[in-house]
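Peer 1: Give the three-dimensional model of this entry:
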Amino acid sequence: MSHSGLLTAGCIADMMRGNELEQPVVQILGSKRIAGGGEQSERYRLLISDGQNLYSFAMLATQLNELHQNGQLSEFTVIRINRYITSVVNRGERGEKRVLIILELAVVKPGASIGEKIGNPQQLSDGAATNNGPTATPARTESAGTISNGSGYQNRSLNASTAPSSASLSSDTLTHPINSLSPYQNKWVIKARVMSKSAIRTWSNAKGEGKLFSMDIMDESGEIRVTAFKEQCDKFFDMIEVDKVYYITKCQLKPANKQYSTLKNDYEMTMTNDTIIQECKEVSSLPEIQYTFVPISQIANMEPNAMIDVIGVCKEVSDVVQFTAKSSGRELKKREITMVDSSHAAVQLTLWGDDAQSFPSATNPVVLVKGARVTEFGGGKSLGLVGGSVMKLNPDIEAAHKVRGWYDNGGSHEAISSVSTRTGAGAGYVTEWITFHEAKERNLGNGDKPDYFQVKALIHNIKSGNAVYKACPQPECNKKVVDQENGQYRCEKCNADFPNFKYRLLVNMLIGDWTSNRWVTIFTDLAEQMLGKTSQEIGDALDFNKDEAELIFSAISFKNYVFKLRTKVEFYGDSARNKTTAVEAKPVNHKEYNAYLVKNIQDLTGIGKN
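Peer 2: Numbers count the residues shown, from 1 in each chain. Below is the predicted model of the structure:
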C-alpha cells in the first residue's frame, strides 16, 4: 500500500526558510537521546522526512518526552506538527541552518502500521533554507553527537553551533531557543525578554558575605531563571530592566531548584565572569509577557501559597509602618494597599521596603502584580510579593484600561466585599458592612481573635469630661503619669519623674445606626483627626476654657460617619465586656453608601440583578 499521500511534501524546506506552515505532516525515520539530568531534563533529536527531504535538526520539547519514552514515536511513525518554532543555529556562505523545535504534535499513524520509509527523501542541504529549493548532498559525519536511522545516515550534532566571537551582539547574532538549552551545550546565545527582576539580597555568615539577584526571562519557546552573584550582581543589576529584551550568552546551566522557582524549565542559569549581556535595541518579535489574571472575588477560594496574576485599582492605602523584626533585629517598613476590580471584591496587598516607601499614596493607580502569593490569615485571603513577583503601576495594557474605565465610571462608588480579614485591621482596610444588630446576632468579638466591621453611624453622645489624660512626655511612651503635686509627674513604666507631661486623648462616644447604639472608644490619632484639634489644644481647653472645649466636641455631635470598628470581648475580673474601638472614621460617601444599599436590596429581593 502506498503511503505517499500522507506526508506534506516539501514542507521541511519551507519551514527551514522560516515560513509558517499549518500542521505539516512528516515521518520519523530515527531518533537520538541527548543525555540529561533525568527523564524531564533529557532531550530527543529526531530524523524526519516529508517524502522529499530528510532533516535531523528536529528536537522534541521536553513536555513531549513521555511520547517518545512510551514508544509512540518509533521509527516510521507519521506525525502532524501542531505547533513549532525554528531558530538559526548556523549561518554561512551556503545559507543558514535552523533547528526545528516541535512543541505540540499528534500521531497520525503508528510506525508499526507503516513499516517502511515513505518515498525516497534526500538530505536537505545547509543552503536549502535560503536557496530556491532542496538540494541533495552527501551525508556528513562528525565524531561528536551523531544521529542514525539505521542505514548509515548521519548528521551533525546540535552542539556544533556558533557562539559570539566578541562581546558585540546584534540583530545578526545567531540565537537559540531557551527550550533547547542544556548543560551539555556551551556555545549558545539567547534573545530573551525579562519578565521579572528581584531586589539585591545580601547575607553574612561564617563563610563570608555575599549578594545576589535573579531575573526570570522568556522567549517564544519557554522561560528560565538567571541568577547573578557578587561581581556579576554589581555589573548587571542596574542595566537589567523588566520588559526589555537582551542577548545573553556564556552562563552556566544547572538543574533548577524547584523549591524556589515555579518556572516551567528543568534548568536555571548562573552568570559567570565570562557572561555577556547586551540590550537588543532593534524592534523585537518576541512575545509580550503573558498574564493570567484572576478576578479578585475568586481569591477567596484559592489555596494558601498559590501564585497568581492580579490587576485592580488601588482604592485605599495605609501609612508606612516602620518596626524592628524580632528574629533578625532589622528595621523593616511595610504598607498595605487595598485593590478592587469589577468582580466587586477587594483584596489586601502587603508591600515591603522600597515598594512600600515609594508607592504613590496620593493617587489611585492601577496595580498589576505578576506572581503574587496568596496568604491566609484570620480566615481571609491576602496577597504578598515574593522574589519573582513583579508589580507595575498604570501599565499600558488592555486589562489596565478596562479596570480603570470601570473604576472611573462608577466602580469607585460600588459596594465592595473584601476577601481579606486580618488581626489589627487599620486605616486603609476594606471591611464588611454590618449593622450593630447583625454584629450582636453573630456574636462578633467572642472568638479568640478580634472581629472587624464597618457601619454608618450617628454620634449621639460624647463623654468630654474625661476625654484627655496626662501621659509620659517621652516620645515612645504613652503611659498615664501620676501627679505627685510637687511639680513632678511620675511614669511607672519608665520609672522616672518628669517636670512636664503631654496630653493624650481617650474619647468615649455613643454612636448608633438604624438598628441600635454602641459605646466605642476613639484613641489619640483618630480623635485628633475627627475633632480637628491637637491633644494639647483640647487638654488646654478642658483645663482653662470649658466653653471652647464644649464647642470642639459639639462640632461633631449628631454627624454621620462611616466607622471601621474592632470588637473583642475582654474580661475585667469575673465580668466580660465587649470592647469596641474605632480604627477609622470618615465622612459618608453617599454614592458609595447608596450603592451598598442598592446591592442589599437586590440581594434580598432579586430585583434588578443580572
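Peer 1: List the buried residues of stretch 362-377.
Peer 2: Asn364, Pro365, Val366, Val367, Leu368, Val369, Lys370, Gly371, Ala372, Arg373, Val374, Thr375 (16 or more other CB atoms under 10 Å). C-beta: built from backbone N, CA, C; applies to glycine.
Peer 1: Can you tell me which of those residues is nearest Glu268?
Peer 2: Using CB to CB, Gly371 is the member of the buried residues of stretch 362-377 that lies nearest Glu268, at 15.9 Å.
Peer 1: Who are the contact partners of the closest residue in space to the closest one that isn't next to it in sequence?
Peer 2: Nearest residue to Gly371, sequence neighbours excluded (CB to CB, 6 or more residues apart in numbering): Ser389, at 4.4 Å. By CB atoms under 8 Å, 6 or more residues apart in numbering, Ser389 lies in contact with Ser196, Val369, Lys370, Gly371, Ala372, Arg373.
Peer 1: possible to save these as a markdown table with pLDDT and distance to Ser358?
Peer 2: What follows is those, written out as a markdown table (pLDDT from 0 to 100; distance: CB to CB, whole Å):
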| residue | pLDDT | distance to Ser358 |
| --- | --- | --- |
| Ser196 | 86 | 18 |
| Val369 | 93 | 15 |
| Lys370 | 90 | 18 |
| Gly371 | 87 | 19 |
| Ala372 | 91 | 18 |
| Arg373 | 90 | 21 |
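Peer 1: Looking at these, which are in strands?
Peer 2: If you go by DSSP state E, those have Ser196, Val369, Lys370, Gly371, Ala372, Arg373 in strands.
Peer 1: tell me, how many neighbours does the closest residue in space to Thr292 that isn't next to it in sequence end up with?
Peer 2: Excluding its sequence neighbours, the residue lying closest to Thr292 (CB to CB, 6+ apart) is Asp309, at 5.2 Å. Asp309: 18 surrounding residues under other CB atoms under 10 Å.
Peer 1: And Asp309, its phi and psi?
Peer 2: phi -100, psi 140 (degrees, to the nearest 10).
Peer 1: separation between it and Arg373?
Peer 2: With the distance defined as CB to CB, to the nearest Å, Asp309 ends up 12 Å from Arg373.
Peer 1: Same check on Gly388?
Peer 2: Counting by CB to CB - Gly388 and Arg373 are separated by 10 Å.
Peer 1: Val403 now?
Peer 2: 21 Å.
Peer 1: go on, Ala415?
Peer 2: Ala415 is 28 Å from Arg373, by CB to CB.
Peer 1: Next: Thr324.
Peer 2: Taking CB to CB, one finds Thr324 at 24 Å from Arg373.
Peer 1: which parts of the helix or strand that contains Gln454 are buried?
Peer 2: Element membership for Gln454 (DSSP states H and E) is strand 451-463. With burial defined by 16+ other CB under 10 Å, the residues of strand 451-463 counted as buried are Asp451, Tyr452, Phe453, Gln454, Val455, Lys456, Ala457, Ile459, Ile462.
Peer 1: same check, this time on stretch 536-552
Peer 2: By 16+ other CB under 10 Å, the buried positions in stretch 536-552 come out as Glu537, Ile538, Gly539, Asp540, Ala541, Leu542, Ala549, Ile552.
Peer 1: As CSV, these with distance to Tyr246 would be great.
Peer 2: Output for the buried residues of stretch 536-552, formatted as CSV (distance: CB to CB, whole Å):
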residue, distance to Tyr246
Glu537, 59
Ile538, 60
Gly539, 62
Asp540, 64
Ala541, 65
Leu542, 66
Ala549, 66
Ile552, 62
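Peer 1: Residues in contact with the strand or helix carrying Leu551: which ones?
Peer 2: Leu551 belongs to helix 546-554 when assigned by DSSP H and E. Applying CB under 8 Å, 6+ apart, the set of residues contacting helix 546-554 from outside is Ile462, Ser464, Ala467, Leu531, Gly532, Lys533, Ile538, Ala541, Leu542.
Peer 1: one step back: quick check: the residue nearest to Gly371 vs Gln484, distance?
Peer 2: Distance from Ser389 to Gln484, by CB to CB: 55 Å.
Peer 1: same question, Tyr184
Peer 2: With CB to CB as the criterion, Tyr184 and Gln484 are 82 Å apart.
Peer 1: next one: Phe236
Peer 2: For Phe236, the distance to Gln484 - CB to CB - is 64 Å.
Peer 1: more neighbours, those two?
Peer 2: Phe236 (18 against 10).
Peer 1: list the contacts for the more buried one?
Peer 2: Ala228, Met271, Thr275, Ile277.
Peer 1: one more time with 7 Å
Peer 2: Counting by CB atoms under 7 Å, 6 or more residues apart in numbering, Phe236 touches Ala228, Met271, Ile277.
Peer 1: Rebuild the contacts of Ser389 as CSV, extending it with distance to Thr567.
Peer 2: Rendered in CSV, the data for the contacts of Ser389 read as follows (distance: CB to CB, whole Å):
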residue, distance to Thr567
Ser196, 41
Val369, 32
Lys370, 37
Gly371, 36
Ala372, 30
Arg373, 30
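Peer 1: Next, give me the two most distant ones among these.
Peer 2: Farthest pair in the contacts of Ser389, by CB to CB: Ser196 and Arg373, 13.2 Å.
Peer 1: mind checking how far Ile240 is from Lys117?
Peer 2: Distance, Ile240 to Lys117, using CB to CB: 49 Å.
Peer 1: List the buried residues in the stretch of helix or strand Ala576 belongs to.
Peer 2: Using DSSP H and E, Ala576 falls within strand 575-587. Buried residues in strand 575-587, defined by neighbour count with 16+ other CB under 10 Å: Asn578, Lys579, Thr580, Ala582, Val583, Glu584, Ala585.
Peer 1: try stretch 8-16
Peer 2: Buried, per 16+ other CB under 10 Å, within stretch 8-16: Thr8, Ala9, Cys11, Ile12, Ala13, Asp14, Met15, Met16.
Peer 1: Help me confirm that the fifth one comes into contact with Leu124.
Peer 2: Yes - the pair Ala13 / Leu124 is scored as a contact, 6.2 Å apart, by CB atoms under 7 Å.
Peer 1: how about the helices of the stretch 1-150 of the chain, start to end?
Peer 2: Listed in chain order, the helices of the stretch 1-150 of the chain (DSSP state H, counting those that start in this stretch) span residues 11-16, 65-69, 111-114.
Peer 1: repeat for the stretch 301-450 of the chain
Peer 2: Remark: helices assigned in the stretch 301-450 of the chain by DSSP H, counting those that start in this stretch are 353-358, 398-408, 436-441.
Peer 1: Can you tell me which of the ones you listed is nearest to Ser221?
Peer 2: helix 398-408 (24.9 Å).
Peer 1: Any idea how far the closest one is from the middle of the chain?
Peer 2: Remark: helix 398-408 is offset 19 Å from the chain centroid, using CA atoms, centre = their mean, to the nearest Å.
Peer 1: Would you quantify the distance from Lys235 to Phe229?
Peer 2: Going from Lys235 to Phe229 by CB to CB gives 11 Å.
Peer 1: What of Val367?
Peer 2: For Val367, the distance to Phe229 - CB to CB - is 31 Å.
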